[in-house]
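**Q** Whatever this is, show me its structure:
(chains A and B)
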Amino acid sequence: MQYNLLRKSILIPLSLALLLILFALNLAMGSVSVPISDVVQIMIGKGSSNIIWENILLRTRLPQTIVALGAGMALGVAGLLMQTLFRNPLAGPSVLGISSGSSLGVGFVLLIAGQVWGFSFSRLGIWGDLAVIIASLGGAFAVLAIILFISHKIGGTLSVLIIGVMIGYLSNSVVGVLKFYSMEEDVHNYVIWGLGSFSRMSVDRAYLFAMITIIPSLLALFLSKSLNLMALGDRYASNLGLKIKRARLLIILCAGSLTAIVTAFCGPIIFIGMAVPHLAKLVSRTSNHFYLICNACILGAITALLCNLLARLPGMESELPINSVTAFIGAPVVISVIWKKRKENF
Amino acid sequence: MNKNLLQIRNLSIGYGNKIVAGNLSAIIPSGELICLLGSNGTGKSTLMRSICGFHPVLNGSVFIDDLEVNQLSEKELSKWIAVVLTDRVIVPNANVQELVGYGRSPYTGMMGRLNAMDKIIVSRAMEQCGIAHKKDSLLSSLSDGERQKAFIAKAIAQDTPLIILDEPTAFLDLPARVEIMQLLRDIANASGKSILMSTHDLDLALQLSDRLWLLQSGGPLTTGSPEDLLLQNAFQSMFQHKGIVFDNKTGLFKVMHTQNSTIPVKGHGFEYVLLRRALSRKGIKVIRANSEDNNWLEVKNESKEPFALFVEGECIQSEASLEVFVNQVLKMQELFKVKRSCCTLSE
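**A** Okay, the predicted model is just below:
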């Protein structure tokens, strides 16, 4: 008990410190190294002697870092919600087909619009970006609406899961058809979008993104009681006074929106949402989702910042696509956790 | 004190259009331990689920303290009935204390935080169930019996006048079964809660419960105290099955063996009973030896080798082990071909 209490009281400050360090490293490291002292100077608004550093930091690295932080947090929380709702350690934010819906929306814009109106979207600049974001949000929320409708009409967690997965397959196959009939340049753009990136946003938009990811992530704390009960199974939950349908709806809505937002702005980011919940459960051995959501927030941000850092290790000219890094970090985590817990869970 | 906590009136249970059992009526008075008995497939679980409000009833109604269960919201019902289900729930990383704490959910606020009072109730519930020493253990590390106790503690922490348990003694070994049943008996006595549990342990149910509900295939529900039901011969009709006979005096079932040959035996006492049982299992009926018999078995109670085989009036073998003896007898069965052969069922 004492050990547990100690763990709980030390862990959060410790992980917050780690988060801060990674945040600073994200700002300092890259193809151009900026000394930490200058990073601090610039960040607290005192400016730096080197105007280039200031520009790199404020224009490129700061928005990227903020986006990584927000996206990691949102995906970690969304993944945790899905894993608890479906009582499945392999569930993640993408399990309901929401990111596939996103891909479909983006596919329509990137792959079809060019065909129909005879130009390539990459030439549109900022408007093109916005169109992609809107299309992605549209696709994601359309799928989310279908899922919510099904969940309300049919009920039953398993059927929702199966239909989510099926919608995912369907949208992927439609995208496949679109790709087949598209111009090479558009397909290339689509593939790039699908690799994910934290660096597509300006400072202002990064702040906006941070707001619409971090706030709902923290609001998920209000779902912690429902999640605790849902983990006991539908019957126990309902016997303990939970309105299952409403709770399920809120959980799907919360996780779905978070996933939709992240996918719209960053592309489909894989593995963070699946691996972070396992880390969150590993760090504090509790079934109480209040702590688990806190952990998922912090660890999600940490993981995303770490991936972002690894994607542009010093010495490399260009960045690696973020999804290849997240898979390298996430897959071993998931494998090791499943391996360790296989006796307990299956 | 003994007012009726729960009443079911003309209840029909089932799925869709299919009625599993109909015309069910029964009561649960306060502070009683009630066992629901019935063969597999008679709808025990469905009945329990219908009472808990998990499952819509097809006809009739369930009243708890004059409120109709179907009319109550989850929140309201959660303060009347607590359940322990057969589902083997896997909650990752949950320890006993957390699980029992979730039993307080109907009373906690939006974030589900436990106040000082809740914590006292939780630790009391764990102590009552004898699981307090495991409060920091993960559920996945508990034995089946301990896990069952943890879930019972959760139900107690829920602080409801009625606790419903679906086969809480399934999957448990005999000592654990007795322990769980005694625990439930104590809870009913000490706290005045009513407990309804389904079980297949007829002997334990007869000894420990205040009232039995016997569910027959298709209904109706026969209810009453174990003693009254024994008087009414209710169990015989309940468990009509070839080869099983219910003994009203002992409250136990006896397995009947088909007998197709007989062997004359002299003797009496415990050894004789054992010999009769061992032979009965092999399909041989024991009869009293009389002076006409040339070949017989004899039981000598005080001897070291009590089981003796007599052929033509002479003892040709005596044995201490029944197993060896019976095998020997089976080999020589031809010798005992007697005129008085018959085919009967006997114990």
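
**Q** For the stretch 1-150 of chain B, just list every one of the strands.
**A** Using DSSP state E, counting those that start in this stretch, the strands of the stretch 1-150 of chain B run over B:4-15, B:18-29, B:33-37, B:59-64, B:67-68, B:81-84.

**Q** Same list, those strands, but as CSV with mean pLDDT and mean neighbour count please.
**A** No exception for glycine: its C-beta is placed from N, CA and C like everyone else's. Below are the strands of the stretch 1-150 of chain B laid out as CSV (pLDDT from 0 to 100; neighbours: other CB atoms under 10 Å in any protein chain shown):
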stretch, mean pLDDT, mean neighbour count
strand B:4-15, 90, 18
strand B:18-29, 90, 18
strand B:33-37, 94, 25
strand B:59-64, 92, 18
strand B:67-68, 91, 12
strand B:81-84, 95, 26
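
**Q** Alongside chain A, which residues does chain B contribute?
**A** B:52, B:54, B:73-75, B:77-79, B:81-83, B:85, B:87, B:89-95, B:98-99, B:102-103, B:105-106, B:108, B:110-112, B:136, B:138, B:140, B:158 (CB under 8 Å from any CB of the partner chain).

**Q** still on that earlier bit, tell me which of the strands of the stretch 1-150 of chain B sits nearest to A:Gly47.
**A** Shortest distance between A:Gly47 and the strands of the stretch 1-150 of chain B, using CB to CB, is found for strand B:81-84: 64.3 Å.

**Q** Just list what that closest one packs against, helices and strands only.
**A** helix A:234-239, helix B:44-52, helix B:144-157, strand B:162-165 (3 or more CB pairs under 8 Å, 6 or more residues apart in numbering or on different chains; DSSP states H and E).

**Q** again, only using 6 Å
**A** helix B:144-157, strand B:162-165 (3 or more CB pairs under 6 Å, 6 or more residues apart in numbering or on different chains; DSSP states H and E).

**Q** Need the ones you listed in CSV (columns: distance to A:Tyr169).
**A** Formatted as CSV, the helices and strands packed on strand B:81-84 follow (distance: least, CB to CB, whole Å):
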stretch, distance to A:Tyr169
helix B:144-157, 38
strand B:162-165, 42
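
**Q** By proximity to chain A, which residue of the stretch 101-250 of chain B wins?
**A** Of all residues in the stretch 101-250 of chain B, the one sitting closest to chain A is B:Gly112 (3.4 Å; CB to the nearest CB).

**Q** Least confident secondary structure element in the chain?
**A** In the absence of a named chain, chain A is used. helix A:114-117 (a mean of 69; mean pLDDT, DSSP states H and E).

**Q** The intended chain is chain B.
**A** Result, chain B / mean pLDDT, DSSP H and E: strand B:344-346, a mean of 49.

**Q** Point out where the chain drops to low pLDDT.
**A** Here I'm looking at chain A. Residue ranges of chain A with pLDDT under 70: A:1-9, A:114-115, A:117-127, A:155, A:314-317, A:341-346.

**Q** my bad, the chain I had in mind was chain B
**A** B:1-2, B:239-243, B:251, B:337-347.

**Q** How is it divided into domains?
**A** According to automatic domain parsing, chain B is divided into the following domains: B:4-241, B:257-346.

**Q** Around chain B, which positions in chain A sit nearby?
**A** Residues of chain A lying close to chain B by CB under 6 Å from any CB of the partner chain are A:1, A:225, A:228-229, A:231-233, A:235, A:238-241, A:243, A:281, A:285-287, A:344.

**Q** Drop anything exposed from those residues.
**A** Using 16 or more other CB atoms under 10 Å in any protein chain shown as the burial test, the residues of chain A next to chain B include A:225, A:228-229, A:231-233, A:235, A:238-241, A:281, A:285-287 as buried.

**Q** Tell me if B:Ser318 really is in a helix.
**A** No. Checked against DSSP: H, G, I helix; E, B strand; the rest coil, B:Ser318 lies outside a helix; its state is strand.

**Q** Relative to B:Ser303, how far out is it?
**A** 7 Å (CB to CB, to the nearest Å).

**Q** Show me the strands in the stretch 201-347 of chain B, by range?
**A** According to DSSP E, counting those that start in this stretch, the strands that the stretch 201-347 of chain B contains are B:211-215, B:221-224, B:244-247, B:252-255, B:257-259, B:261-266, B:284-288, B:296-299, B:307-311, B:314-319, B:344-346.

**Q** now these as CSV including distance to B:Val273 and mean neighbour count?
**A** Below are the strands of the stretch 201-347 of chain B laid out as CSV (distance: least, CB to CB, whole Å; neighbours: other CB atoms under 10 Å in any protein chain shown):
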stretch, distance to B:Val273, mean neighbour count
strand B:211-215, 31, 24
strand B:221-224, 34, 19
strand B:244-247, 15, 15
strand B:252-255, 14, 12
strand B:257-259, 15, 17
strand B:261-266, 11, 20
strand B:284-288, 10, 18
strand B:296-299, 9, 21
strand B:307-311, 13, 20
strand B:314-319, 17, 13
strand B:344-346, 13, 12
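
**Q** Checking the most centrally placed residue in chain A next. Helix, strand or coil?
**A** Central residue of chain A (CA atoms, centre = their mean): A:Leu75, 2.9 Å from the mean position. The three-state label given to A:Leu75 by three-state DSSP is helix.
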